[in-house]
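A.B. asks: below is the sequence, then the predicted model.
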Amino acid sequence: MEQIAELRKRLKEEGIDYYIVPTADFHNSEYVGDYFKVRGFLSGFTGSAGTLVVSEKEAGLWTDGRYFVQAASQLEGTGITLYKMAEENVPTIEEYLEKNVKDGQVVGFDGRVMDAAFGKKLEKRFTLSYDKDVADAVWRDRPPLPATKVWIVPEKDCGMGVLEKLARVREKMAEQDAHHLVLSKLDDIMWLYNIRANDVDCNPVALSYTFVSRDSAVLFLQEEALTEEAKQYFNENNVVIKSYSEFTYFLKHCEITGKIWYAKEDINYLLYKCIEKRGASVDLENPTTLLKAVKTPVELEHIRSYYLLDSVVLTKFLFWMKENAGTTPVNEFQAAKKLDAMRAEIDGFLELSFGTISAYEANAAMAHYSADKEHSASIRAEGFYLVDSGGQYRGATTDVTRTIALGAVTDEKKMHFTKVACAMLRLADAKFLYGCTGRNLDVIARQPLWDCGLDYKHGTGHGIGYILNVHEGPQDIRWQYKPKQKETVLEEGMIVSDEPGIYVANSHGIRTENIVEVVKEQKNEYGQFMGFRHLTYVPIDLDAIDTNYMEESDIRKLNAYHEAVYAKLSPYFAGEELERLRQATRAI
């Protein structure tokens, strides 16, 4: 590839032997704006997660199980080797570097887009060059840095004002004897100041940093982001505004009166090096992360309302797909656009929460497949269609996945579909003692699949933001034990996805995803029991269910869920559509 060849020339000039290009912006965000898609530009792999390593003679791309099929296809013929993360006999990036980097050689990366945690590991083993964006000289028509206007989420829509949030954050700082807090994580900053913007597609965030002390708060924003309303708002809340580009200089030269709190997973390596030189520090998870994850009663009220409206739209879309597949010519891209347009009609809609995944048959085996106008499969009246989608609204961020049969499907596919449905419903119906984390519960979802020797290469659940990122920590549901990886107790008021699946390369993919709210159940001599409450109310396709693969308890769970779906959705349906809803939620 020409890009890789030119990059190698630049690396030789800079004296860098191995260059690492992660998928990140200056804030370690999961999704990034076009300006930061350097790895995609250099490699041609467009998945949202992956790391490229380039040396004089080799280039490798590391990505996780969601993208194995997509990466293999997009890297074909590029000369870039695909390294399937967490697979047997596949080295990690660190192991690869340890094996290949010779004494005296230099490992390089742009320190602004490398997370501090990984950079700290590398600095123990290698000579590093981290102050050059070498790829910038190769990407001549690079898009500009995004800069959109900020807007304010009224306190009545989130239940907590800026001054109260700052007070709660400072309480946490005092507990850790920290005098200053550095926040670089964009959704945490948006939550803290009750602001949003559009600097990243589908993520309503503004590029920003903040430096909070015991008696002051400084917010760094691009000047183009500020409106007169925003300036007045920040002034009223005693928030000092400085230029986004000044933050590194500020961090190097501001007055420090005690310990600085930062989270190495959420700041870049360059900022970490600045903090390291300023003296004592506290490396802990951002206090804002857990505060943000537990939704206020006001937020939960809005979330429930919007998830219901979102469920209505998706259900009507799935009915349309069932009725028109094979009679009305439609491909994956067109189907996605139709759903997007239907969702956009909901009052309060802002944008999608991620690009709609509209995948037919074998394409659905790629967990994060993306159809486009030029590459899109025609949908026929047979097999499975999967759609994973969501919206950003004035009172919620939604996420939901359904798979439907558009005609005849094999017995094996029905078995897979039924097991996935059972897995989702079993987890949603779980009762557990307070103190459990997602790792305690993941096996409940996987057990129906593991019993058949099946599995899926992604977590079962992730947290979701409030008018923010569709993937939000710290809570999650996963089974693997990883040393030093933090686990978070599931608290009342958190919301989390429940999304088991099965993916068979070159054949089909199935995922059934509901979002659930963590609630308190009974409390007795054994402690406080917890459970989940559905936020998603969309029928599970009975045409693909085979009760031969269900236990009696699974059938009861499915019937109970469908009874609730009908009760919730029926006021929004009439005539033939209401009859379709009745049939789609009938007891089996």
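C.D. replies: Yep, that arrived.
A.B. asks: ramachandran angles for residue 270?
C.D. replies: Per-residue torsions, residue 270: phi -60, psi -40 (degrees, to the nearest 10).
A.B. asks: tell me how many other residues crowd it.
C.D. replies: Residues lying near residue 270 (other Cβ atoms under 10 Å) number 19. Quick note: C-beta positions are derived from backbone N, CA and C, even for glycine.
A.B. asks: quick check: chain neighbours aside, which residue is closest to it?
C.D. replies: Nearest non-adjacent residue to residue 270, counting by Cβ to Cβ, 6 or more residues apart in numbering: residue 111, 3.6 Å away.
A.B. asks: same check, this time on residue 456
C.D. replies: Distances taken as Cβ to Cβ, 6+ apart put residue 501 closest to residue 456, at 4.6 Å, once the chain neighbours are dropped.
A.B. asks: where's that neighbour relative to residue 193, distance?
C.D. replies: Going from residue 501 to residue 193 by Cβ to Cβ, to the nearest Å gives 37 Å.
A.B. asks: circling back to that earlier point, so what does the residue nearest to residue 456 look like in phi/psi?
C.D. replies: Dihedral pair for residue 501: phi -160, psi 170, per degrees, to the nearest 10.
A.B. asks: also the one 5 residues further on?
C.D. replies: Backbone dihedrals for residue 506, given as degrees, to the nearest 10, come out at phi 70, psi 10.
A.B. asks: didn't it look like it was pressed against residue 362?
C.D. replies: Yes - assessed by Cβ atoms under 8 Å, residue 506 is found in contact with residue 362 at 5.2 Å.
A.B. asks: regarding the chain, what is its longest strand?
C.D. replies: strand 514-524 (DSSP state E).
A.B. asks: list the buried residues for whichever helix or strand comes after that one?
C.D. replies: Next in sequence after strand 514-524, counting helices and strands by DSSP states H and E, comes strand 527-534. For strand 527-534, a neighbour-count test (16 or more other Cβ atoms under 10 Å) marks 530, 531, 532, 534 as buried.
A.B. asks: what does the model give the closest residue to residue 114 other than its chain neighbours for pLDDT?
C.D. replies: Counting by Cβ to Cβ, 6+ apart, residue 269 is the residue found nearest to residue 114 once chain neighbours are left out, at 4.5 Å. At residue 269, the model reports a pLDDT of 96.
A.B. asks: where's residue 269 relative to residue 48, distance?
C.D. replies: Counting by Cβ to Cβ - residue 269 and residue 48 are separated by 21 Å.
A.B. asks: between those two, who's got more neighbours?
C.D. replies: Neighbours were counted for residue 269 and for residue 48 using other Cβ under 10 Å; residue 269 has more, 25 against 18.
A.B. asks: pull the contacting residues for that one.
C.D. replies: 109, 111, 112, 114, 115, 116, 118, 119, 120, 130 (Cβ atoms under 8 Å, 6 or more residues apart in numbering).
A.B. asks: next, format those as JSON lines and append secondary structure and pLDDT.
C.D. replies: JSON lines is the format used below for the contacts of residue 269 (DSSP: H, G, I helix; E, B strand; the rest coil; pLDDT from 0 to 100):
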{"residue": "109", "secondary structure": "coil", "pLDDT": "97"}
{"residue": "111", "secondary structure": "coil", "pLDDT": "96"}
{"residue": "112", "secondary structure": "coil", "pLDDT": "96"}
{"residue": "114", "secondary structure": "coil", "pLDDT": "95"}
{"residue": "115", "secondary structure": "strand", "pLDDT": "92"}
{"residue": "116", "secondary structure": "helix", "pLDDT": "93"}
{"residue": "118", "secondary structure": "helix", "pLDDT": "93"}
{"residue": "119", "secondary structure": "helix", "pLDDT": "95"}
{"residue": "120", "secondary structure": "helix", "pLDDT": "93"}
{"residue": "130", "secondary structure": "coil", "pLDDT": "95"}
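A.B. asks: select from those residues the one having the most neighbours.
C.D. replies: Using other Cβ under 10 Å as the neighbour test, those are led by residue 109, with 27 neighbours.
A.B. asks: and the nearest residue to it once chain neighbours are set aside, how many residues sit next to it?
C.D. replies: Leaving aside its sequence neighbours, residue 109 sits nearest to residue 20 (Cβ to Cβ, 6+ apart; 4.3 Å). The burial count assigned to residue 20 is 24, neighbours taken as other Cβ under 10 Å.
A.B. asks: ok, residue 20 - contacts?
C.D. replies: 51, 52, 53, 93, 107, 108, 109, 114.
A.B. asks: for it, which residues make a bridge with it?
C.D. replies: When assigned by DSSP bridges, residue 20 has beta-bridge partners residue 53.
A.B. asks: for it, report the pLDDT, please.
C.D. replies: For residue 20, the model assigns a pLDDT of 97.
A.B. asks: just the helices in the stretch 251-400 of the chain please.
C.D. replies: Assigned by DSSP state H, counting those that start in this stretch, the stretch 251-400 of the chain shows helices spanning 269-276, 287-293, 297-324, 332-344.
A.B. asks: between the third one and strand 527-534, how big is the angle?
C.D. replies: Orientation note: helix 297-324 sits at an angle of 40 degrees relative to strand 527-534 (axes from the mean of the first three to the mean of the last three Cα atoms, to 10 degrees).
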